[in-house]
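Q: Sharing a model prediction with you, sequence too.
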Amino acid sequence: MSRIHEALKKAEQERAATQLAEPLTVVTAAAATPVPMPAASFAEPVARAGRIEAPTLPLNITEPADGFLRFDDLRQRCAHPNWHPDPNVNVFLSSGLSPRGAEQFRTLRSRLYQLRNTTPMRVILVTSSIPGEGKTFIANNLAQAIVRQPDRRALLIDADLRCSRLHVPLGAPSTPGLTDYLRGEADEMKVIQQGPEANLCFIPGGNDVTNPSELLHNGRLKTLLDRVTPVFDWVILDSPPCLPVADSVLLADYSDCILMVVRAGTTPMETAQRALQELNGKNVAGVILNSVEENHLYGSYYYQAYGSNGNNAATDTAK
């Protein structure tokens, strides 16, 4: 956990010093060298709570003869709406963002595969301690990095049922979605969307509900993940922040690993540490330090040494 502690300490040092800048830093639990990434764009408002009953309906997937769900079958039967991705928050479309960002998400992707070589993992939870640290940005661009590899499939799930925002950068419909599935009002084929990237699928948050925690606990999310996870290389859950509500702790029980997003210049170190304590006993794979000043990045000299005017980034890798 020493790398995680170093990342939190750096966030505390940045908080009092500067305005937010473009890159961020990733530190993984695999003794990786910190990696710069672009800044997050979204904030998540305060949550609301309440109760409604959640009826359960049987799954509506026709089993193939051998009993396994196949990606081609899912792709044929799921929704295919027109997406309009926002280039301002997608580093691979990169209109206003630093082109270095895409390379750093590729590095994060590689490190996750390295971790998977030693620890079985497929479901990733992306969370933060408080709203506005950039977890939605991270979840989206990590999925974009994964599906840009040949024959790699990713499923993005907006599991922030209190303030669903993941459909915004994707330019995708927000309903029907996860809440509708959990309430038994839609089956999985109605809530799974496929966008312009053939191997990227998405489940939006769905219609507003007043009892998100109860819905996450009613057993249908586990059923959904058990069914779809074998079809994808990675399933990425975008969750609410840890400290305002308990949803992330619930979602962690369905996840193989957790990425914690910490925003430099904003998040107090004690706040991030408290969030990690909330996740005590869960598999925190690493901390993503977001919005670090570019001149404070580790290995920033690489960017000046490679490429024309620093436009082609080279990344310092783990030794």
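A: Sure thing, it's come through. Since this is a predicted model, take the numbers as computed values, not measurements. Residues are numbered from 1 along each chain as shown.
Q: Follow the chain on from the host helix or strand of Leu276 and name the next helix or strand.
A: Per DSSP states H and E: Leu276 is located in helix 269-278. Later in the chain than helix 269-278, the nearest helix or strand by DSSP H and E is strand 284-290.
Q: Render the CA-only coordinates of that next one in PDB, please.
A: The C-alpha trace of strand 284-290 is given here as PDB (Å, rounded to 0.1, in the frame of the first residue of the first chain):
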ATOM      1  CA  VAL A 284      -8.100  -1.900  -4.100                       C
ATOM      2  CA  ALA A 285      -5.800  -2.400  -7.100                       C
ATOM      3  CA  GLY A 286      -4.600   1.200  -7.200                       C
ATOM      4  CA  VAL A 287      -5.100   4.900  -6.900                       C
ATOM      5  CA  ILE A 288      -5.500   7.300  -9.800                       C
ATOM      6  CA  LEU A 289      -4.200  10.700  -8.900                       C
ATOM      7  CA  ASN A 290      -6.100  13.200 -11.100                       C
END
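Q: Could you tell me the average pLDDT over it, please?
A: Strand 284-290 shows a mean pLDDT of 88.
Q: Same check on stretch 176-191?
A: So the average pLDDT for stretch 176-191 ends up being 96.
Q: can you pull out the strands in the stretch 51-200 of the chain?
A: Remark: strands assigned in the stretch 51-200 of the chain by DSSP state E, counting those that start in this stretch are 123-128, 154-158, 193-194, 200-203.
Q: quick one, longest helix in the chain?
A: helix 100-118 (DSSP state H).
Q: where does the chain dip in pLDDT?
A: Within the chain, the segments meeting pLDDT under 70 span 1-5, 7-68, 94-99, 292-319.
Q: Mind doing that once more with 90?
A: Along the chain, segments meeting pLDDT under 90 span 1-70, 87-89, 91, 93-104, 107, 195-198, 263-269, 280-282, 289-319.
Q: mind listing the helices for it?
A: With DSSP H as the criterion, the chain has helices spanning 2-15, 71-77, 100-118, 135-147, 167-170, 178-182, 188-191, 212-216, 220-228, 247-252, 269-278, 301-305.
Q: right, so of those, which gets closest to Trp234?
A: helix 135-147 (5.5 Å; CB to CB). To be clear about C-beta, it is placed using only N, CA and C from the backbone, and glycine gets the same treatment.
Q: relative orientation of the closest one and strand 123-128 in degrees?
A: 150 degrees (axes from the mean of the first three to the mean of the last three CA atoms, to 10 degrees).
Q: export helix 135-147 as PDB, just CAs?
A: Listed next in PDB are the C-alpha coordinates belonging to helix 135-147 (Å, rounded to 0.1, in the frame of the first residue of the first chain):
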ATOM      1  CA  LYS A 135     -14.200   8.700 -12.000                       C
ATOM      2  CA  THR A 136     -16.800   8.800 -14.900                       C
ATOM      3  CA  PHE A 137     -14.000  10.200 -17.100                       C
ATOM      4  CA  ILE A 138     -11.700   7.400 -16.100                       C
ATOM      5  CA  ALA A 139     -14.200   4.700 -16.500                       C
ATOM      6  CA  ASN A 140     -15.200   5.900 -20.000                       C
ATOM      7  CA  ASN A 141     -11.600   6.300 -21.300                       C
ATOM      8  CA  LEU A 142     -10.400   3.000 -19.800                       C
ATOM      9  CA  ALA A 143     -13.100   1.200 -21.700                       C
ATOM     10  CA  GLN A 144     -12.200   3.100 -24.900                       C
ATOM     11  CA  ALA A 145      -8.600   2.000 -24.500                       C
ATOM     12  CA  ILE A 146      -9.600  -1.700 -24.000                       C
ATOM     13  CA  VAL A 147     -11.800  -2.000 -27.100                       C
END
